[in-house]
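K.L.:
quick one, what's the 3D model for this:
(one chain, ligands or ions: 1)
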Amino acid sequence: MTSRVKILSQETTTPVSAPMPLAESLKWASPYEQRVDGRVEIFFAQSALLKCVEHTTSDLEHEVGGVLVGQVRVDPSDGRPYVVIQDILPALHTDASQTHVTFTQATLVQLHIELEDRFPDKRIVGWYHTHPNLGVFMSGYDKWLHENFFNDPTHVALVVDPGSERGGFFCWQANHRLDPVNYVGFHELGDVTDESVVEWNNLEPVIDV
Ligand SMILES: [Zn+2]
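P.N.:
Residues are numbered from 1 along each chain as shown. Okay, here's the model as predicted:
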């Protein structure tokens, strides 16, 4: 599968060294943060989040999906990598006859070409897809896909239930463990407005006092 090899080759890009942009972000926590160990911190730029919400709410009956595009950076204070999601690429050619999103070979080729054309300095940092009215979890197939195509420790999976307005991230944990139930939130990076644009009601803002 040549396209898979090409997508994985994006990962050889050296991470940017920069402090986490905590001052420009609002943290959103899931009820399960404490159960998730050794996860990567995720910064989700509002501009990308708004595009993602637009796509994930575009079909409330069928699953849709795509990839998350951005950078892996390293915080110089502790040397730990973190992810900044700066854009999305909706997947075309997904197999609609399935009950779940299937990234076909044509999908992977399309995503790779678009990534090189539009975001030559960025990489795929994860993927997203919807579970209309099914809830936020990783199915057996989702786990298989993440393990086979998003195997880098910093790769994340966003699952959105557009019907109930819920969303959450699944991450590789310590010892390369992937928990299909316990999801986490993210840092909303305010690149569009000072107001929050997050409407997922399963996440709570974390206000530092
Ligand atoms: Zn799924």
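K.L.:
which parts of this protein are strands?
P.N.:
16-17, 25-29, 41-45, 65-74, 81-90, 123-130, 156-161, 166-173, 177-178, 186-189, 204-206 (DSSP state E).
K.L.:
which helices and strands sit right next to the last one?
P.N.:
Under the contact definition 3 or more CB pairs under 8 Å, 6 or more residues apart in numbering; DSSP states H and E, strand 204-206 sits against strand 25-29. C-beta here means a position set from N, CA and C on the backbone, and glycine is covered the same way.
K.L.:
return the list of strands paired to the strand it packs on, each annotated with direction.
P.N.:
When pairs are called by DSSP bridges, strand 25-29 turns out to pair with strand 186-189 (antiparallel), strand 204-206 (antiparallel).
K.L.:
just to revisit the earlier point, may I see the strands of the chain arranged in JSON lines, with mean neighbour count, distance to the ion and mean pLDDT as well?
P.N.:
Listed next are these as JSON lines, based on neighbours: other CB atoms under 10 Å; distance: least, CB to the ion, whole Å; pLDDT from 0 to 100:
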{"stretch": "strand 16-17", "mean neighbour count": "10", "distance to the ion": "31", "mean pLDDT": "91"}
{"stretch": "strand 25-29", "mean neighbour count": "19", "distance to the ion": "21", "mean pLDDT": "97"}
{"stretch": "strand 41-45", "mean neighbour count": "23", "distance to the ion": "18", "mean pLDDT": "98"}
{"stretch": "strand 65-74", "mean neighbour count": "22", "distance to the ion": "8", "mean pLDDT": "96"}
{"stretch": "strand 81-90", "mean neighbour count": "21", "distance to the ion": "16", "mean pLDDT": "96"}
{"stretch": "strand 123-130", "mean neighbour count": "24", "distance to the ion": "6", "mean pLDDT": "95"}
{"stretch": "strand 156-161", "mean neighbour count": "24", "distance to the ion": "6", "mean pLDDT": "97"}
{"stretch": "strand 166-173", "mean neighbour count": "24", "distance to the ion": "10", "mean pLDDT": "97"}
{"stretch": "strand 177-178", "mean neighbour count": "13", "distance to the ion": "13", "mean pLDDT": "94"}
{"stretch": "strand 186-189", "mean neighbour count": "23", "distance to the ion": "18", "mean pLDDT": "98"}
{"stretch": "strand 204-206", "mean neighbour count": "12", "distance to the ion": "24", "mean pLDDT": "97"}
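K.L.:
out of these, which gets nearest to T107?
P.N.:
Within the strands of the chain, the stretch nearest T107 is strand 65-74; the backing value is 9.0 Å (CB to CB).
K.L.:
quick one, that closest one and strand 156-161 angle?
P.N.:
Here strand 65-74 runs at 140 degrees with respect to strand 156-161, directions being taken by axes from the mean of the first three to the mean of the last three CA atoms, to 10 degrees.
K.L.:
most proximal residue of this structure with respect to the ion?
P.N.:
Of the residues in the chain, the one nearest the ion is D142, at a distance of 4.1 Å by CB to the ion.
K.L.:
about what we covered before: tabulate the strands paired with strand 25-29 (CSV), appending distance to A45.
P.N.:
As requested, those are exported to CSV (distance: least, CB to CB, whole Å):
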stretch, distance to A45
strand 186-189, 5
strand 204-206, 17
